[in-house]
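below are the sequence and a predicted model for it; my questions follow.
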Amino acid sequence: MSGDAAASAVAPNARDARFRGARGRLTLRIVLLAILSAFGLGLAGLMVWLGLDRWSDYRLYSHQLRVEETRFALRDSLLAAEQAALDLAVLAYGGEPERDPADDLARAAASLEATLGSLAAADLPGGADIAVAVAEKMARLGTIRVELASTPARDDRELAERAADLRALALDLRSLRMRILRAVGVPDVAMGVVHLFRNYALQVHDTIHANAAAYLSILTGLRTPSAAELTLLSRETTRSRFAAPTFIDLVDADPIMAGTTASDLVDFIESEYIPAEEAILQGIRAGAVSPDTVAGWIAAVRQVDELTRRMLAATDEAARRHLGERLAAEWRALVASLLVSGGVLVAYLLCAALIVRRVVGPLGEMRRTMLRLAEGDLRPVGVLRTPLADLLAMNDALRVFRINAVRRERLQQERLELHARIAAAAREMRADLEAAALVQLSQLPPPGHLGGFRFDTYFRASRLLGGDTFDFFRLSDGRVALFQVDVAGHGAAASLVSVAAHIALRRALDALGPEEGPAQAMEDVNRGWREDLPYFTALAAVLDGRTGEGSLVQAGHPYPVLLGSGAPPARLGEGGVPVGVVPEPGWRDIPFTLRAGERLLVFSDGIYDVQDDTGSIFGEDRFMDLVGRLSALPSEDLIAGIEAALRNWSAADEMFDDISLVVVERV
Amino acid sequence: MQTEETVQDGVLVVGVRVPRLEASNAPEFRRTLIERIEAGHQQIVIDLAQVQFIDSSALGALIGAVKRMGALGTIALAAPNGTLSRLLTLTRMDKVFPITETVEDAVAKLAS
């Protein structure tokens, strides 16, 4: 109860501020969203990285394919140039060329043109420099063709020089080819083997053509070699034989070139060409070479050409196939990686959407509900759209909290209404009591003169209604009657009893005969007093204004005090049983005389029972002293003095008991 | 309200162990006495030695108890101090209760 009061005592504004303060801080919702975002960004980054990796592999093979085209074209021009050189040398020697050298040169020029074209498409590093070099070679080839066109058909020396020019050009083209190879590198080991093998084949081809050029110029008689030069030439050919087995093994081992065989070329060189060349060498050393031997040897050279070209074509085919396959594989990998990325991304987005809708959203919803409840908004708690059991349990708990809060509020409301009703009832009751008090007061006679006596009074109820009452009135025989009643207890019950006692006593006193005293009246009241009513103390007196003589009866009431002139205050009476205690109380009239100016004080025991803050009662002795000190004062001032002394003594504002005092003075 | 009860020679002695008998505890005191009477005690001594003050409500409780007991038995008051004694004299309670100076006197009186 006191806890509730303390909680509701917090000012609503302060509470709002406190909850709003919490809004600025980190929330579960923000953390979840941050984790989702970080995870999503990481995933996206990984996917992009994988995609770019695949894309770069794809680009590599696609580039290799284009560069390969450049190399094919360049090599074709090289082979055509060497062909033309051989044919020109054969022409110079006087033999039959296999083809028209001009056709070969046209083919070489066309190939160089194609090289230039594919070079632009290949996008090589340093491609511009290479293009310049190719253009320069084209110009040289153009010059050679023009010179060849103006060369007389049987001028051996001129033809041989053109052939040498072409061979030089072919060598340059070969180094250009190596530049391209170095510029792009090899994409994988298989292609490395392909390149090695091509280089070897071209090397063999070149060696044989170089030797052919040398032998033909000797045979044509353009120069005479030394014996040492001849030995060197023979070694040149045989040297290529040593590397042959390695290449055969490499080609066999290379997965790309499966089905191609290098042994045709190597076997031919070993079994046909080298014997043919040795025959020429021996003829030259002997000084006589038969035209048949020369023709056989030239045929062997052409056969080497043919076999080389066939091998290279097969190699090219294998390389193209390999690169194409790899390109396709890389494309598939790229597409697959994109599809996987897309799938993962879609799955992630679905998951994220699910988490946002079914976790983050409900969390926020619940947070709003809680803040709302905390601020006293008791609208119903919404249904949470989430499959999570713990969130559902929390939401159910919130619902219970709300129901409790609603119940509490209703109880509070009921309590307030009850309080209001009680307050209204209390007001009503108080109004009743006030009205009753007015009635009770109206029973009391006002101070004044009556039958030769002066009556002064003091009445104070400890509550609205008191158990004390008194009255004085004239009897039919001229005497004056006085009584005072004190019912045990205070409040409404006591006051009602006091009214009954008041009426009974007044009636009994009124009914007294001329010789009867107040004891008779008291006996009458006692006899008629119902057993189940509370007892009361009373004092009744009958006074004769003509003589000042009177008699009184004391029924449990405090001893009245006689204030004689010049004498100390004196107690009257001998005590007596209260009314309503025993059937035979045995009261008797006590005579007394009031001379002029003498006073009789009749009072209830409330005067004695006033307590100070230590709980001590005012008491009879203090009262007698007080009355003695104040005895010279007129009755009104005497009463005021007594009241002041009692107030002074009393610890509380209200008196503990009812107090009533009647002062009778003989005038 | 604190009371101390003993039975001496068939007489129930109710010792009142509070200094004041007044409106706040008088109803309970009355109830206690009525219960003893209804339980069959016909001779009851009320030991007032420790009581300093008694008001009209408490006197009412004593009178109520006597009326309840009626002619069947006796309630005696023992050892009232000065103030109490004065009140008992004023109200002539000696006509209602036997009043003695000591508990022993009261017990002896009632037991005989």
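Received it, and whenever you're ready, just let me know what you need. Every value quoted in this text rests on a predicted model; they were computed, and no experiment measured them. Numbering: from 1, shown residues only, chains lettered A, B, ... in the order given.

next, find the distance separating the residue lying closest to residue B:99 once chain neighbours are set aside from chain A.
Nearest residue to residue B:99, sequence neighbours excluded (C-beta to C-beta, 6 or more residues apart in numbering or on different chains): residue B:77, at 4.8 Å. For every residue, glycine as well, the C-beta is placed using N, CA and C. According to C-beta to the nearest C-beta, to the nearest Å, residue B:77 stands 14 Å off from chain A.

got a list of what residue A:130 touches?
Residue A:130 sits next to A:119, A:124, A:176, A:179-180, A:183 when contact means C-beta atoms under 8 Å, 6 or more residues apart in numbering or on different chains.

go with 10 Å
A:70, A:74, A:115-116, A:119, A:122, A:124, A:176-177, A:179-180, A:183 (C-beta atoms under 10 Å, 6 or more residues apart in numbering or on different chains).

list buried residues within those.
Burial by neighbour count, judged by 16 or more other C-beta atoms under 10 Å in any protein chain shown, picks out A:70, A:74, A:115-116, A:119, A:122, A:124, A:176-177, A:180 from the contacts of residue A:130.

low-scoring stretches of chain B, by residue?
The model of chain B has no residue with pLDDT under 70.

need the residues of it near chain A, please.
B:19-20, B:22-23, B:26-27, B:52-53, B:55-64, B:66-67, B:83, B:86-96 (C-beta under 10 Å from any C-beta of the partner chain).

check the secondary structure at the residue of the stretch 251-400 of chain A found nearest chain B for me.
Residue of the stretch 251-400 of chain A nearest chain B, by C-beta to the nearest C-beta: residue A:376 (44.1 Å). Following DSSP: H, G, I helix; E, B strand; the rest coil, we place residue A:376 in the coil state.

what bridges to the residue nearest the centre of chain B?
The centroid of chain B falls nearest to residue B:46 when counting by C-alpha atoms, centre = their mean (3.2 Å). On the basis of DSSP bridges, residue B:46 is bridged to residue B:14, residue B:77.

mind checking which of the buried ones among the contacts of residue A:130 are in strands?
Here DSSP state E is the test, and those give no hits in strands at all.

okay if I get these as JSON lines plus pLDDT and distance to residue A:352?
Putting the buried ones among the contacts of residue A:130 into JSON lines (pLDDT from 0 to 100; distance: C-beta to C-beta, whole Å) gives the following:
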{"residue": "A:70", "pLDDT": "88", "distance to residue A:352": "49"}
{"residue": "A:74", "pLDDT": "90", "distance to residue A:352": "55"}
{"residue": "A:115", "pLDDT": "90", "distance to residue A:352": "54"}
{"residue": "A:116", "pLDDT": "88", "distance to residue A:352": "54"}
{"residue": "A:119", "pLDDT": "85", "distance to residue A:352": "50"}
{"residue": "A:122", "pLDDT": "80", "distance to residue A:352": "45"}
{"residue": "A:124", "pLDDT": "81", "distance to residue A:352": "46"}
{"residue": "A:176", "pLDDT": "89", "distance to residue A:352": "57"}
{"residue": "A:177", "pLDDT": "88", "distance to residue A:352": "55"}
{"residue": "A:180", "pLDDT": "86", "distance to residue A:352": "50"}
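
gap between the host helix or strand of residue A:433 and the chain center?
In the assignment (DSSP states H and E), residue A:433 maps to helix A:389-443. Computed by C-alpha atoms, centre = their mean, to the nearest Å, the chain-centroid distance of helix A:389-443 equals 41 Å.

ok, the residue of the stretch 251-400 of chain A closest to chain B touching residue A:412?
No - between residue A:376 and residue A:412 there is no contact under C-beta atoms under 10 Å: 11.6 Å.

OK, contacts around residue A:378?
With C-beta under 10 Å, 6+ apart, residue A:378 has these contacts: A:372, A:401-403, A:405-406, A:408-409.

and what of residue A:306?
Going by C-beta under 10 Å, 6+ apart, the list of residues near residue A:306 reads A:265, A:268.

now do the phi/psi pair for it.
phi -60, psi -50 (degrees, to the nearest 10).

and it, what pLDDT?
Confidence at residue A:306, expressed as pLDDT, is 89.

run a quick neighbour tally on the closest residue to chain B within the stretch 101-250 of chain A.
Closest to chain B within the stretch 101-250 of chain A is residue A:188: 112.1 Å, counting by C-beta to the nearest C-beta. By the measure other C-beta atoms under 10 Å in any protein chain shown, the count of residues near residue A:188 is 15.

ditto for residue A:51
Counted with other C-beta under 10 Å, residue A:51 comes out at 15.

got it, and residue A:547?
12.

contacting residues for the residue of the stretch 501-650 of chain A found nearest chain B?
Relative to chain B, the nearest point of the stretch 501-650 of chain A is residue A:556 (4.1 Å; C-beta to the nearest C-beta). Residues in contact with residue A:556 (C-beta under 10 Å, 6+ apart) are A:486, A:488, A:535-539, A:575-581, A:585, A:605, B:56, B:59, B:87, B:90-93.

show the buried residues in these.
Counted by 16+ other C-beta under 10 Å, the contacts of residue A:556 give A:486, A:488, A:535-539, A:575-581, A:585, A:605, B:56, B:59, B:87, B:90-93 as buried.

show the average pLDDT along the helix holding residue A:433.
On average, helix A:389-443 scores 92.

by contact count, what packs against that helix?
Applying 3 or more C-beta pairs under 10 Å, 6 or more residues apart in numbering or on different chains; DSSP states H and E, one finds that helix A:389-443 contacts helix A:2-9, helix A:361-374, strand A:468-474, helix A:491-510.

winner for burial among these?
Using mean count of other C-beta atoms under 10 Å in any protein chain shown, the stretch among the helices and strands packed on helix A:389-443 with the largest mean neighbour count is strand A:468-474, at a mean of 22.

next structured bit after that one?
Following strand A:468-474 toward the C-terminus (DSSP H and E): strand A:480-487.

what residues of the strand or helix carrying residue A:145 count as buried?
Using DSSP H and E, residue A:145 sits in helix A:127-150. Buried residues in helix A:127-150, defined by neighbour count with 16+ other C-beta under 10 Å: A:127, A:130, A:134, A:137-138, A:140-141, A:144-145, A:148.

would you turn the buried ones among the contacts of residue A:130 into JSON lines with distance to residue A:543?
Below are the buried ones among the contacts of residue A:130 laid out as JSON lines (distance: C-beta to C-beta, whole Å):
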{"residue": "A:70", "distance to residue A:543": "157"}
{"residue": "A:74", "distance to residue A:543": "163"}
{"residue": "A:115", "distance to residue A:543": "162"}
{"residue": "A:116", "distance to residue A:543": "161"}
{"residue": "A:119", "distance to residue A:543": "157"}
{"residue": "A:122", "distance to residue A:543": "152"}
{"residue": "A:124", "distance to residue A:543": "152"}
{"residue": "A:176", "distance to residue A:543": "163"}
{"residue": "A:177", "distance to residue A:543": "163"}
{"residue": "A:180", "distance to residue A:543": "157"}
